[in-house]
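1. generate a structure from the sequence data that follows.
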Amino acid sequence: MALLLLGSFAAGRRYDFPTSLALSALVLSLLDSKIVFELGPQLTYACCLGVYLTAPRPGPERPRKQPWEVLSFVCRATFGAWLFAS
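-> Numbers count the residues shown, from 1 in each chain. Down below sits the predicted model:
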């Protein structure tokens, strides 16, 4: 995922988190096919997806300088990880 992030900076393209998450899961599955049935990677990818889907996205109309915005981000991301891991 870090290589895709650095590659997107080098190429001047937008970083896409779902694509990099799927590609990292694909590469791990190709390297070791038993990893699909292990609980650790399943929970890791579920939590990453939960954080991505539930965390608020900053927009041009919502600056993140207020303390409650940071607290909202942390609470929603934590809830997303917990929800998807459950």
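2. quick one: low-confidence parts of the chain?
-> Under the criterion pLDDT under 70, the flagged ranges of the chain are 58-65.
3. longest helix anywhere in it?
-> helix 67-85 (DSSP state H).
4. just checking, what packs against it?
-> Judged by 3 or more C-beta pairs under 8 Å, 6 or more residues apart in numbering; DSSP states H and E, the packing partners of helix 67-85 are helix 39-54. No exception for glycine: its C-beta is placed from N, CA and C like everyone else's.
5. the helix it packs on to helix 67-85, inter-axis angle?
-> Helix 39-54 runs at 140 degrees relative to helix 67-85, counting by axes from the mean of the first three to the mean of the last three C-alpha atoms, to 10 degrees.
6. which neighbouring elements make contact with helix 39-54?
-> helix 17-31, helix 67-85.
7. what's the closest non-adjacent residue to the most centrally placed residue in the chain?
-> Closest residue to the average C-alpha location of the chain: residue 48 at 4.1 Å, with C-alpha atoms, centre = their mean. Using C-beta to C-beta, 6 or more residues apart in numbering and skipping residues adjacent in sequence, the residue nearest residue 48 is residue 21, 5.8 Å away.
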